[in-house]
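[1] Have a look at this fold, sequence not included:
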């Protein structure tokens, strides 16, 4: 059973939900501006002992954790079939972590805008990802105008690949146990000068125009959670990520 905490009028109550319902419980915390995912659920890639939802008096928080357990490199949930290419949008969320992991020389991520490969195509690095390394945040943007990406040298924008990339920002220091607001707005496109703005706490971190996504049949999709494929610097630590106020809206052209 998964315990959900409910705080009303200063009192805390506990209700329970079967793990099978967590796909819907997490989904119910999202504001998608009237849009819906298939079956009105999220896709979860996480052990249920590492995922919880806290229903508070004024907001709801989804908490994800990751530790150095065998074969664990992610605790994430995906919002699928909502994001569209060539459609203006505004997307925002709040996050905080239990540490800034300044002693981690290897990156891990808290959010991804990803794209599922087409038939005959390898999985590629995400379109965008909010990454942490040495106690700072960074974000890259990747795109490819080719119908099928060439990935002969890794899966990112390395020499010999058809994938191109730009660094949107880096070296943004963040504090543990502090809420930050991330906002992305603009348009995703692989064949025109679409513009994309990234803000942290209303500060513009990047404002660029140009191709900014992959040329895929499937729609891009959003992933929240901890992804750490890079190995662990310590044996006993746990990364904890809290997410709230997830909002995605399509904007009028």
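    Nice, thanks for sending it over. The model shown is predicted, which means the values in this text are computed figures rather than measured ones.

[2] The protein: helices as residue ranges?
    Remark: helices assigned in the chain by DSSP state H are 22-27.

[3] Can you find the helix or strand of it with the lowest average pLDDT?
    Between all helices and strands in the chain, the lowest mean by mean pLDDT, DSSP states H and E belongs to strand 11-17, at a mean of 37.

[4] quick check: longest strand of the chain.
    Identified as the longest strand of the chain according to DSSP state E is strand 238-250.

[5] So which bits of that one are buried?
    239-246, 248, 250 (16 or more other CB atoms under 10 Å). C-beta here means a position set from N, CA and C on the backbone, and glycine is covered the same way.

[6] how many neighbours does residue 41 have?
    19 (other CB atoms under 10 Å).

[7] tell me the contacts of the closest residue in space to it that isn't next to it in sequence?
    Closest residue to residue 41 apart from its sequence neighbours, by CB to CB, 6 or more residues apart in numbering: residue 23 at 3.9 Å. Listed by CB atoms under 8 Å, 6 or more residues apart in numbering, the contact set of residue 23 reads 41-44.

[8] Determine which two of those residues are furthest apart.
    With distances taken as CB to CB, the most widely separated pair in these is 41 and 44, at 8.7 Å.

[9] Spatially central residue in the chain, please.
    When CA atoms, centre = their mean is applied to the chain, the residue found nearest the centroid is residue 111 (2.1 Å).

[10] The spatially closest residue to residue 215 that is not a sequence neighbour - how many residues pack around it?
    Excluding the flanking residues, the one nearest residue 215 by CB to CB, 6+ apart is residue 190, at 4.4 Å. Burial measure for residue 190: 20 neighbouring residues, criterion other CB under 10 Å.

[11] My read is that residue 190 contacts residue 141, right?
    No: look at residue 190 against residue 141 with CB atoms under 8 Å: they stay out of range, at 11.8 Å.

[12] list residues touching both of these two?
    By CB under 8 Å, 6+ apart, residue 190 and residue 141 have these common neighbours: residue 212.

[13] who touches residue 209 in this structure?
    Contacts here follow CB under 8 Å, 6+ apart; on that basis residue 209 touches 193-196.

[14] Local confidence estimate at it?
    pLDDT, residue 209: 97.

[15] picking that back up, now which of the contacts of residue 209 would you call buried?
    Neighbour counting by 16+ other CB under 10 Å classes 194, 196 among these as buried.

[16] Look up how far residue 136 lies from the residue nearest to residue 41.
    Between residue 23 and residue 136 the computed distance is 33 Å (CB to CB, to the nearest Å).

[17] Do a quick rundown of the strands in the stretch 101-250 of the chain.
    Assigned by DSSP state E, counting those that start in this stretch, the stretch 101-250 of the chain shows strands spanning 108-115, 128-133, 136-143, 164-173, 180-186, 195-200, 203-209, 220-227, 238-250.
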